[in-house]
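> Structure for this input, please:
(chains A, B, C and D)
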There are 2 protein chains.
Amino acid sequence: MLTIGKLGDAAGVKVPTIRYYEQIGLLPEAERSAGNQRLYSRKALERLAFIRHARSLGFTLEAIRDLLSLSDRPDQSCAAADAIARAQLAEVESRLARLTALKAELERMVVQCAGGKIADCRVIEVLGDHAHCATDHCHPHADHLE
Amino acid sequence: MLTIGKLGDAAGVKVPTIRYYEQIGLLPEAERSAGNQRLYSRKALERLAFIRHARSLGFTLEAIRDLLSLSDRPDQSCAAADAIARAQLAEVESRLARLTALKAELERMVVQCAGGKIADCRVIEVLGDHAHCATDHCHPHADHLE
DNA sequence: CCTAAGTTCTCTAGCAACTAGAGCTTCAAG
DNA sequence: CTTGAAGCTCTAGTTGCTAGAGAACTTAGG
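Numbers count the residues shown, from 1 in each chain, chains lettered A, B, ... in the order given. Here you go, the predicted model:
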C-alpha cells in the first residue's frame, strides 16, 4: 500500500491532483489508514498512470472517464474506445493545422523589426490591420484556443 | 458611435467578452448614452480589432496588454514588441513540436482496432502502459496542455 | 518517551479567458 | 404605443488543476 505522496511520485502526478481526481470521481475513494490517510494499491497506481498518460496525450478528463469505464468492461467491443481516440486525433490534427498557420503569420510579422520605432513596427501594424492577415483564422470564428 | 452589439459584430467579438475586457481594464471604460448604454468610437473598434487579432494569434491577454501599452507610445523602440512576438512564435513552435509527437502516437494507437473486444484494444492497452510510448512526453513534465 | 520535521488531512480560493443565466431597463420599429 | 430585441448589472459556472491555511498524523533521532 502506498501513501498519496509515493503514489504521486510513482505515477508522475502531484498530490493535490490525485485528491482532485478522487473528488471528481475519476479515481474511486481511497482506502484510509487508521489515521485517515489515503492508501493506494497497485491497481490504483495503474489507473492513475492510465489517466496521466491519456492526459499527456491531450484527452480531456471527460474522454478519460469514458475510456476508463470502457476498460472496466473488457468483453465489450472496442469501437467506442477507438472512436474516442480517433476524435482526439482529429482534434490534434486540426490544432496542428491552425498552429501551422499561426506560425507562418508570426514569422512574417517578426521578420523585420530592426530597431525601428513603434510607429513603424510590423508587429503592431500587422496586429492592428486584418488586411495583412493571409490566413482566414481571423474571421469566421477563431476557436483554436479552446 | 456604436452600441456594444454593433461593435461586437464589427470586430467579431461577443458582447459579454467586450464587457469582460472592459472589466479587466483591457479596454477603457466606454462612454455612456443618456440611458446608460455603452457607446464606442472608431478608435475603440480599432483597439478591439487589435485585441481580437492578437488573441486569434494566441497571444495571452497579458501579452496583449503589453502590446497595447507599447502601441500607445509610437516614439519608443519596437524592440519590446518584437520580443513579445518572438516569444509567442517560440511558444507556437514548441506547441507544434509537441502536437506533432502526439499526433504520431495517436495514429499508432488508432491504426488497428478492427472491431475487436476491449480486452485486445490497442487504445486502452497503449494508454495503460507507458512502455508503449515512443516519445518522451510522458515523463519529465508534460506541460503541453497549458 | 519525546520532540521536530515531514506528510497528510480538509477546506477555501485562485488562475485564464471567457460563457451563461437571472432579472431588470432602454431603445427602435411598426 | 406597444412589443420585442438589445442593453444593463450581477453572480456563478467552465476546465484542470494549483496554492494556501491550519490541523492532525507519522516517522526518525536523541
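> which SS class is A:Ala34?
Per DSSP: H, G, I helix; E, B strand; the rest coil, the secondary structure class of A:Ala34 is coil.
> who in chain A is up against DNA strand D?
Where chain A comes near DNA strand D, counting by Cβ under 7 Å from any atom of the strand, the residues are A:14, A:16-17, A:20, A:33-37, A:55, A:60-62. All C-beta spots, glycine's among them, are computed from the backbone N, C-alpha and C.
> out of those, which are buried?
Judged by neighbour count, with 16 or more other Cβ atoms under 10 Å in any protein chain shown as the criterion, the buried members of the residues of chain A next to DNA strand D are A:Arg55.
> What about chain B: which of the residues of chain A next to DNA strand D touch it?
Contacts with chain B within those, counted by Cβ under 8 Å from any Cβ of the partner chain: A:Arg55.
> Show me where chain A dips below the pLDDT cut-off.
Chain A contains residues with pLDDT under 70 at A:111-116, A:130-146.
> for the lengthiest helix in it, packing partners?
Counting residues, the longest helix found in chain A (DSSP state H) is helix A:79-110. Here helix A:79-110 touches helix A:61-71, helix A:122-128, helix B:79-110, helix B:122-128, going by 3 or more Cβ pairs under 8 Å, 6 or more residues apart in numbering or on different chains; DSSP states H and E.
> how is chain A carved up into domains?
As given by automatic domain parsing, the domain ranges for chain A are A:4-58, A:79-132.
> related to what we said a few turns ago, can I get the residues of chain A next to DNA strand D in CSV with distance to B:Ala44?
Rendered in CSV, the data for the residues of chain A next to DNA strand D read as follows (distance: Cβ to Cβ, whole Å):
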residue, distance to B:Ala44
A:Lys14, 43
A:Pro16, 42
A:Thr17, 42
A:Tyr20, 41
A:Ser33, 60
A:Ala34, 64
A:Gly35, 60
A:Asn36, 57
A:Gln37, 56
A:Arg55, 41
A:Thr60, 36
A:Leu61, 39
A:Glu62, 38
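> and which of the residues of chain A next to DNA strand D is nearest chain B?
Sorting these by how near they are to chain B, with Cβ to the nearest Cβ, puts A:Arg55 at the top with 7.1 Å.
> is it true that that closest one touches A:Ile64?
Yes: A:Arg55 is within contact range of A:Ile64, at 6.9 Å (criterion: Cβ atoms under 8 Å).
> Got the phi and psi for the residue most central in space within chain A?
By Cα atoms, centre = their mean, the mean C-alpha position of chain A lies nearest to A:Gly58, the distance being 3.5 Å. In this entry, A:Gly58 is assigned phi and psi values of phi 90, psi 0 (degrees, to the nearest 10).
> Identify the residue spatially nearest to it, adjacent ones excluded.
B:Leu102 (5.8 Å; Cβ to Cβ, 6 or more residues apart in numbering or on different chains).
> can you tell me how far the one you found sits from A:Met1?
B:Leu102 sits 34 Å away from A:Met1 when distances are taken as Cβ to Cβ, to the nearest Å.
> of these two, who's got more company?
A direct count of neighbours by other Cβ atoms under 10 Å in any protein chain shown for B:Leu102 and A:Met1 places B:Leu102 higher, at 24 against 13.
> Tell me which residue of chain A lies closest to DNA strand C.
Sorted by distance to DNA strand C under Cβ to the nearest atom of the strand, the residues of chain A start with A:Gly5, at 2.4 Å.
> next helix or strand past whichever strand or helix holds that residue?
The secondary structure element spanning A:Gly5 is helix A:4-11 (assigned by DSSP states H and E). The first helix or strand that comes after helix A:4-11 along the chain, using DSSP H and E, is helix A:15-23.
> Appreciated, that's everything.
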